[in-house]
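Trainee: What follows is a predicted protein model with its sequence.
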Amino acid sequence: MLVAAAVCPCPPLLVPEVAAGAGPELDAARAACADALGVLAAARPDRLVVVGPAGRSGRGWHPQGASGSFRGFGVDLGVRLGTATDTAAERELPPSLAVAAWLLERVGWAGAPVEGLGVGEPLEPARCIGVGRDVAARADRVALLVMGDASARRSLKAPGYLDDRAAPFDAAVARALGAADVAAVEALDAELAYELKASGRAPWQVLAGAAEGAGLDGALLYEDAPYGVGYLVATWS
């Protein structure tokens, strides 16, 4: 059963070494992520599942101790998902889960065992919701760390250029996540999210499936669009 969730953005720029001179611009987002992880720790879960968008090679389950790095972003920095285990992971973490691993290391996560799940961004809503239900059944007390960005088309300099639909879409997502509105998250338009380059849509809908019947309350901790990309931090508990 899902007992708590934290929703965080997943740009590698959250990692100061990757952001370099632009690092301070995301200090507020980093602080909000740390606060959200505190909510997860306070829930005392039996298992923490990290969910994030992933390309084909990163989809599926990643065991505790799986490693990742930011070498693809020009920084020789490695991370590990939870504590190391005797079993070597076969695959490297996708970037979204590597950012999550960095966040967990930053707060010194020493709670429940951790595993990761890379979700393909095109995964249709019904399947995302079904995956979420399965995830919630993995332990008596499950917590989720859900990684994903909102639209990437909030300004002329955004990665996807400006789209007038981006700000209203992000506002609707912020309302849904901030209110722990399961039905509203499940109803997010997958095609529109794809057109707006919102990488978080599928992971958010996995969260919605996991939260069905859990009766959690939501809180929106951060909402901004630096670099023309929507970043949201929320908690469900």
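Mentor: Right, received. Where do you want to start? Computed from a prediction, not measured in an experiment: that's the story for all the values here.
Trainee: okay, CA-based contacts and neighbour counts for the rest of this
Mentor: OK.
Trainee: hang on, isn't H62 packed against L97?
Mentor: No: counting by Cα atoms under 8 Å, H62 stays clear of L97, with 9.2 Å between them.
Trainee: and E223, that one's in a strand?
Mentor: Yes: counting by DSSP: H, G, I helix; E, B strand; the rest coil, E223 is part of a strand.
Trainee: Distance of it relative to L123?
Mentor: Counting by Cα to Cα, to the nearest Å, the gap from E223 to L123 is 25 Å.
Trainee: Looking at the residue most central in space within the chain now. What's its pLDDT?
Mentor: With distances taken as Cα atoms, centre = their mean, the residue of the chain nearest its centroid is M147 (0.8 Å). As predicted, M147 sits at a pLDDT of 98.
Trainee: Tell me what it is bridged to.
Mentor: For M147, the beta-bridge partners are C8 (DSSP bridges).
Trainee: who touches the worst-scoring helix or strand of the chain on mean pLDDT?
Mentor: When each helix and strand of the chain is scored by mean pLDDT, DSSP states H and E, helix 16-19 comes last, with a mean of 93. By Cα atoms under 8 Å, 6 or more residues apart in numbering, the residues outside helix 16-19 that reach it are P12, L13, A22, G23, P24, F70, F73, G74, V75.
Trainee: next one: stretch 41-50
Mentor: Stretch 41-50 has contacts (Cα under 8 Å, 6+ apart) with 3-4, 97, 100, 109, 111-117, 135, 138-147, 237.
Trainee: how about a cut-off of 6 Å?
Mentor: By Cα atoms under 6 Å, 6 or more residues apart in numbering, the surrounding residues in contact with stretch 41-50 are A112, P113, V114, E115, G116, R141, V142, A143, L144, L145, V146.
Trainee: Might you list the low-confidence residue ranges for this protein?
Mentor: For the chain, applying pLDDT under 70 flags the ranges 86-89.
Trainee: Buried by neighbour count: which residues of the longest helix seen in the chain qualify?
Mentor: Assignment by DSSP state H gives helix 27-42 as the longest helix of the chain. For helix 27-42, burial by neighbour count (16 or more other Cα atoms under 10 Å) applies to A29, R30, A32, C33, A34, D35, A36, L37, V39, L40, A41.
Trainee: gap between the fifth one and A234?
Mentor: So that's A34. 11 Å.
Trainee: between the buried residues of helix 27-42, which is nearest A66?
Mentor: Checking the buried residues of helix 27-42 against A66 with Cα to Cα, the nearest one is L37 at 19.6 Å.
Trainee: Look up how far E105 lies from the closest one.
Mentor: Distance from L37 to E105, by Cα to Cα: 11 Å.
Trainee: what does G60 give?
Mentor: In terms of Cα to Cα, G60 sits 22 Å off from E105.
Trainee: quick one: which of these two has more around it?
Mentor: Between G60 and E105, counting by other Cα atoms under 10 Å, E105 is the more crowded of the two (16 against 13).
Trainee: M147 against A5, yeah?
Mentor: No: between M147 and A5 there is no contact under Cα atoms under 6 Å: 10.6 Å.
Trainee: thinking again about what came up before, more neighbours: H62 and L97, which one.
Mentor: Between H62 and L97, L97 has the larger neighbour count (other Cα under 10 Å), namely 34 against 24.
Trainee: Checking the more buried one next. Helix, strand or coil?
Mentor: helix.
Trainee: which residues touch it?
Mentor: L97 neighbours (Cα under 6 Å, 6+ apart): G52.
Trainee: Just the ones in strands from the contacts of stretch 41-50, please.
Mentor: In this view, the contacts of stretch 41-50 that belong to strands under DSSP state E are V114, E115, G116, V142, A143, L144, L145, V146.
Trainee: follow-up on the earlier one: quick one: which of E223 and L123 has more around it?
Mentor: Taking other Cα under 10 Å, E223 and L123 do not tie; E223 has more neighbours (18 against 15).
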